[in-house]
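In: coordinates only, no sequence provided:
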């Protein structure tokens with residue numbers, strides 16, 4: 001509320017009304033009663049909301065984030081995005097989290113597209129759907145002067161895709177991981193075909209293996225915290241943590257703990273008994 005009153009708040013995100021019952025819907029009433037229904041609000045989920053609530057959101061200019069895969073897996077239904085759209089609520093698409101959602105916005109877009117075609121009779125156009133993962137989030141964040149569209153003097157955030165459809169929006173909706181030829185963030189090439197990345201960055205990248213294809217990635221950024229970590233280091237650390245190998249955890253994670261070393265080791269032994277070896281998900285999920 002302080003950020004809103006001082007006009008220094010770009011956006012604030014709130015997971016709300018995630019469910020399909022009245023108690024979930026009533027969370028919106030609490031929001032209203034506390035004066036928190038403002039135009040900077042970016043409401044995530046809203047699965048239980050009705051046209052009444054979406055009308056209130058539309059009146060103040062609040063935004064909605066739609067995460068259909070997680071909603072459908074957990075509750076068997078998803079947000080009434082048609083009602084939200086009819087009342088002028090701007091909609092963005094994004095995954096909820098990987099255990100019950102897609103691994104990326106590109107994948108979540110496919111679930112939303114299926115729901116749009118099979119359940120909502122194509123209510124949204126392909127252009128509308130692509131806008132939900134590009135321009136709409138930038139407007140929701142009040143960052144639309146800088147990102148979200150391809151315009152002069154804006155940040156160079158680009159995705160280059162293989163072309164297999166004449167319509168570029170249908171092309172993006174159906175594109176899979178292997179079709180992403182290049183990703184540029186802030187003018188810096190970070191991901192793409194090895195040949196393209198080599199042409200742009202020399203040998204400053206790492207190879208990632210997919211099912212029948214390879215991609216190149218550069219995740220290092222020395223000025224950021226832990227920015228010198230490579231993709232292979234990050235992946236191996238994640239795999240080790242998923243394995244439940246407490247001896248490896250003690251060896252690698254003891255430094256920097258708020259607990260003493262003995263407390264940390266005792267905590268691991270107590271909290272992780274019998275934790276099985278869980279394989280790390282593949283980074284490409286096509």
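Out: Cool, got the structure. Predicted model, so just to flag it, every value in this text is computed and none were measured.
In: where in the chain is pLDDT low?
Out: Along the chain, segments meeting pLDDT under 70 span 254-259, 272-276.
In: buried ones in stretch 37-57?
Out: 37-38, 40-49, 53-54, 56-57 (16 or more other C-beta atoms under 10 Å). Where C-beta positions appear, they are placed from N, C-alpha and C, glycine not excepted.
In: strands of the stretch 1-150 of the chain, residue ranges please.
Out: With DSSP state E, counting those that start in this stretch as the criterion, the stretch 1-150 of the chain has strands at 12-16, 41-45, 63-66, 90-93.
In: let me know the angle separating the second one from strand 12-16.
Out: It stands for strand 41-45. Relative orientation of strand 41-45 versus strand 12-16 (axes from the mean of the first three to the mean of the last three C-alpha atoms, to 10 degrees): 30 degrees.
In: and the helices in the stretch 151-286 of the chain, which stretches?
Out: 168-174, 194-201, 231-243, 246-253, 261-271 (DSSP state H, counting those that start in this stretch).
In: I figured residue 4 hits residue 37, correct?
Out: No. Contact status for residue 4 versus residue 37: not in contact, 10.8 Å apart, counting by C-beta atoms under 8 Å.
In: ok, residue 199 - contacts?
Out: The contact partners of residue 199, by C-beta atoms under 8 Å, 6 or more residues apart in numbering, come to none.
In: cool, residue 191 as well?
Out: 180, 182-183, 197, 215-218.
In: let's see 7 Å
Out: 180, 183, 215, 217 (C-beta atoms under 7 Å, 6 or more residues apart in numbering).
In: what's the distance between it and residue 216?
Out: Distance of residue 191 to residue 216, given as C-beta to C-beta, to the nearest Å: 7 Å.
In: ok, now residue 203?
Out: Distance, residue 203 to residue 216, by C-beta to C-beta: 10 Å.
In: those two: which is more packed in?
Out: residue 216 (24 against 8; other C-beta atoms under 10 Å).
In: wait, the more buried one sits on residue 205?
Out: Yes. With contact defined as C-beta atoms under 7 Å, residue 216 counts as touching residue 205 (4.2 Å).
In: which residues are in contact with each of the two?
Out: residue 197.
In: okay, now the spatially closest residue to residue 91 that is not a sequence neighbour: neighbour count?
Out: Nearest non-adjacent residue to residue 91, counting by C-beta to C-beta, 6 or more residues apart in numbering: residue 64, 5.1 Å away. Using other C-beta under 10 Å, residue 64 has 27 neighbouring residues.
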